[in-house]
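Asker: got a predicted model here, sequence first, then my questions.
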Amino acid sequence: MPLTGIEIFKLLPKTNCGECGVPTCLAFAMSLAAGRAELSACPYITDEAREKLDEASAPPIRPVTIGVGERALKVGGETVMFRHEKRFENPPGLAILISDTMAEAEIDSRLERCQKLQYERVGLTLRPELVALKCDSGDVAKFEALVTKVKQNSDCNIILMSENPDVLKAGLKACSDRKPLLYAATKDNAEQVAVLAKDSSCPVAAKADGLDELTELTSKLTQFGIKDIVIDSGARTLRQAFEDQIIIRRAALEKKFRPLGFPTIIFANEMSDNQMKEAMVAATFIAKYGGIIVLSDFQGESLFPLLVMRMNIFTDPQRPLATTEGIYEISGPDENSPVLLTSNFSLTYFIVSGEIENSRVPCYLLVRDTEGLSVMTAWAAGKFGSDTIAPFIKKCGIVDRVKHRKLIIPGYIAIESGELEEELPGWEIMVGPREGAHIPAYLKAWKS
Ligand code: SF4
């Protein structure tokens with residue numbers, strides 16, 4: 001059981017030095033108990049106390065990593081019921097199902113889709129992360145051959161799916177270095193699968209028939225020394241699976257109930273035969289509260305909306321997506337090229353830079369740090385007026401890159417043009433379009 005704030009306080013140095021960012025050890029203890037502080041913020045905790053406090057400061061839903069290297073997927077680690085309370089931490093992984101009974105051509109085309117279906121959006125690459133390899137044949141050698149093939153042809157993380165420990169062992173033989181998720185330990189095979197998971201240091205999924213059985217199963221796996229667990233309540237209807245997700249999240253967060261404090265796996269592929277309905281099921285569990293969502297297939301028309309939805313839900317609501325302040329060169333500008341200004345809200349940046357690219361007019365785009373706010377919002381908040389823009393123009397280095405002194409500002413802040421000319425002597429301030437779509441026509445007519 002997690003420690004209370006007072007219990008944590010008893011383990012702290014009680015010097016009230018304030019180095020952790022709050023004035024007293026008691027305040028720090030309360031923040032730690034509420035999950036609002038990191039244990040590492042106090043440099044004076046003894047090793048003995050740290051061991052005990054690790055338990056208290058651990059997220060109520062254990063973070064679990066599947067895979068290795070850059071593409072490793074971290075799921076779980078959630079601390080809130082609702083995004084607006086703080087933020088959701090780790091986006092659910094999306095998996096494509098591949099069975100060892102599928103024809104080679106079908107397997108190849110699924111692997112190809114898995115690799116190819118990726119999208120650039122506001123500077124991020126959106127793509128699915130997992131392949132779920134299912135042994136339907138019951139043939140150990142066939143399954144091992146499938147795992148070997150997938151490992152060689154895909155950098156996606158792997159889920160090995162069988163309730164037969166011998167099949168899982170064969171799959172591990174082919175890809176244990178990729179740290180796959182073993183799906184699944186059940187009440188009948190828990191001990192054998194736990195041994196496999198321990199020997200290979202791989203995470204394991206616990207599959208049960210209902211939450212009571214799941215609680216017993218995760219407790220048993222924990223007793224075997226397995227920590228990295230993903231849970232499956234066994235529900236295969238949208239309603240039951242949704243109810244289970246809510247109960248699991250509530251139990252973990254509000255009751256600090258450790259046996260359910262793990263990320264979940266959802267089989268959207270088993271909840272509908274229709275691709276679009278399946279996508280809707282997946283969307284439901286992206287919002288609440290899937291850790292991994294398995295789909296029967298990846299198709300652009302259903303995958304892309306899911307990836308965008310996932311990105312939107314898992315951004316920090318208190319921190320807008322922002323681009324780094326600076327000078328961006330678009331299409332190879334020279335000393336005569338136009339100079340445009342915009343804010344560092346990512347969406348604004350990508351719209352403006354995209355339209356500049358469309359115009360085929362080489363340009364410099366100056367991106368001012370507005371704390372991730374759009375042009376109008378930043379201006380209204382006093383973060384994108386002449387008093388902040390002028391110092392930025394002076395120090396950003398654009399004067400060394402162009403011969404002219406003409407600055408194109410967004411049409412939405414036309415009102416700043418007069419003051420900007422006063423604060424930037426020698427510069428001509430030109431008012432650009434209000435809408436990004438009008439930038440190409442404006443630039444084509446621009447003369448330095
Ligand atoms: Fe107490 Fe540690 Fe914070 Fe200092 S840094 S006030 S010792 S909790």
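Answerer: Structure received. Residues are numbered from 1 along each chain as shown.
Asker: just give me the residue closest to the centre of this protein.
Answerer: Pro91 (4.0 Å; C-alpha atoms, centre = their mean).
Asker: can you pull the pLDDT of it?
Answerer: Per-residue confidence (pLDDT) for Pro91: 97.
Asker: equivalent analysis for Ser346, please.
Answerer: For Ser346, the pLDDT comes out at 89.
Asker: identify the residues contacting Leu168.
Answerer: The contact partners of Leu168, by C-beta atoms under 8 Å, 6 or more residues apart in numbering, come to Leu160, Ser162, Leu182, Val193, Leu196. All C-beta atoms are positioned from the backbone trio N, CA, C, and that covers glycine.
Asker: returning to what we had before: the residue nearest to the centre of the chain in helix, strand or coil?
Answerer: Here Pro91 is recorded as coil under DSSP: H, G, I helix; E, B strand; the rest coil.
Asker: that one against Met311, yeah?
Answerer: Yes: counting by C-beta atoms under 8 Å, Pro91 does reach Met311; the two are 7.4 Å apart.
Asker: need the overlap of contacts for those two.
Answerer: Counting by C-beta under 8 Å, 6+ apart, Pro91 and Met311 have no shared contacts at all.
Asker: what does the chain have sitting close to the ligand?
Answerer: Residues of the chain found near the ligand (C-beta under 6 Å from any ligand atom) are 12-13, 15-20, 24-25, 28, 42, 44.
Asker: repeat that with 8 Å
Answerer: Contacts of the chain with the ligand, taken as C-beta under 8 Å from any ligand atom, map to 12-25, 27-29, 41-45.
Asker: can you tell me which of those residues are buried?
Answerer: Among the residues of the chain next to the ligand, those classed as buried by 16 or more other C-beta atoms under 10 Å are Leu12, Cys20, Val22, Thr24, Cys25, Ala27, Phe28, Ala29, Cys42, Ile45.
Asker: mind listing what the second one touches?
Answerer: Going back to what we said before, that points to Cys20. Cys20 sits next to Phe28, Ala37, Ala41, Cys42 when contact means C-beta under 8 Å, 6+ apart.
Asker: now it. Nearest residue, chain neighbours left out?
Answerer: Once flanking residues are discounted, Cys20 sits nearest to Ala41: 4.1 Å by C-beta to C-beta, 6 or more residues apart in numbering.
Asker: how near is Lys383 to Ser374?
Answerer: 11 Å (C-beta to C-beta, to the nearest Å).
Asker: could you do Phe242 as well?
Answerer: Using C-beta to C-beta, Phe242 is found at 35 Å from Ser374.
Asker: what helix or strand is Asp188 on?
Answerer: Taking DSSP states H and E as the definition, one finds Asp188 inside no helix or strand.
Asker: quick check: the gap between Val193 and the ligand.
Answerer: Applying C-beta to the nearest ligand atom, to the nearest Å, the value for Val193 to the ligand is 41 Å.
Asker: what's the answer for Glu70, then?
Answerer: As for Glu70, its distance to the ligand is 34 Å (criterion: C-beta to the nearest ligand atom).
Asker: quick check: that residue is in a helix.
Answerer: Yes: using three-state DSSP, the assignment for Glu70 is a helix.
Asker: count the residues that sit near the residue of the stretch 151-300 of the chain found nearest the ligand.
Answerer: Proximity of the stretch 151-300 of the chain to the ligand (C-beta to the nearest ligand atom) peaks at Lys256, 21.8 Å away. Residues within reach of Lys256, counting by other C-beta atoms under 10 Å, total 12.
Asker: so what's the backbone phi/psi at it?
Answerer: phi 50, psi 40 (degrees, to the nearest 10).
Asker: neighbour-wise, which of Phe242 and Ser374 wins?
Answerer: More crowded of Phe242 and Ser374, by other C-beta under 10 Å: Ser374, with 22 against 18.
Asker: which non-adjacent residue is nearest the more buried one?
Answerer: Distances taken as C-beta to C-beta, 6+ apart place Phe345 nearest to Ser374, at 4.4 Å, with adjacent residues excluded.
Asker: now that neighbour. Its backbone dihedrals?
Answerer: Main-chain dihedrals, Phe345, degrees, to the nearest 10: phi -60, psi 120.
Asker: Val339 now?
Answerer: The phi and psi values for Val339, taken as degrees, to the nearest 10, are phi -120, psi 120.
Asker: what does Lys187 give?
Answerer: phi -60, psi -20.
Asker: I'd say it and Thr215 touch.
Answerer: No: if you go by C-beta under 8 Å, Lys187 and Thr215 don't touch, sitting 11.4 Å apart.
Asker: of the two, which one has the most company?
Answerer: Neighbour count, other C-beta under 10 Å: between Lys187 and Thr215, Thr215 has more, with 18 against 14.
Asker: any idea which element that one lies in?
Answerer: Counting by DSSP H and E, the element that carries Thr215 is helix 211-223.
Asker: check Leu94 too.
Answerer: Using DSSP H and E, Leu94 sits within strand 93-99.
Asker: which strands border that strand, and is each parallel or antiparallel?
Answerer: strand 130-134 (parallel), strand 292-295 (parallel) (DSSP bridges).
Asker: turn those into a markdown table, including mean neighbour count and mean pLDDT.
Answerer: What follows is those, written out as a markdown table (neighbours: other C-beta atoms under 10 Å; pLDDT from 0 to 100):
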| stretch | mean neighbour count | mean pLDDT |
| --- | --- | --- |
| strand 130-134 | 26 | 98 |
| strand 292-295 | 26 | 98 |
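Asker: for Arg121, give me the pLDDT.
Answerer: Turning to Arg121, the model gives it a pLDDT of 82.
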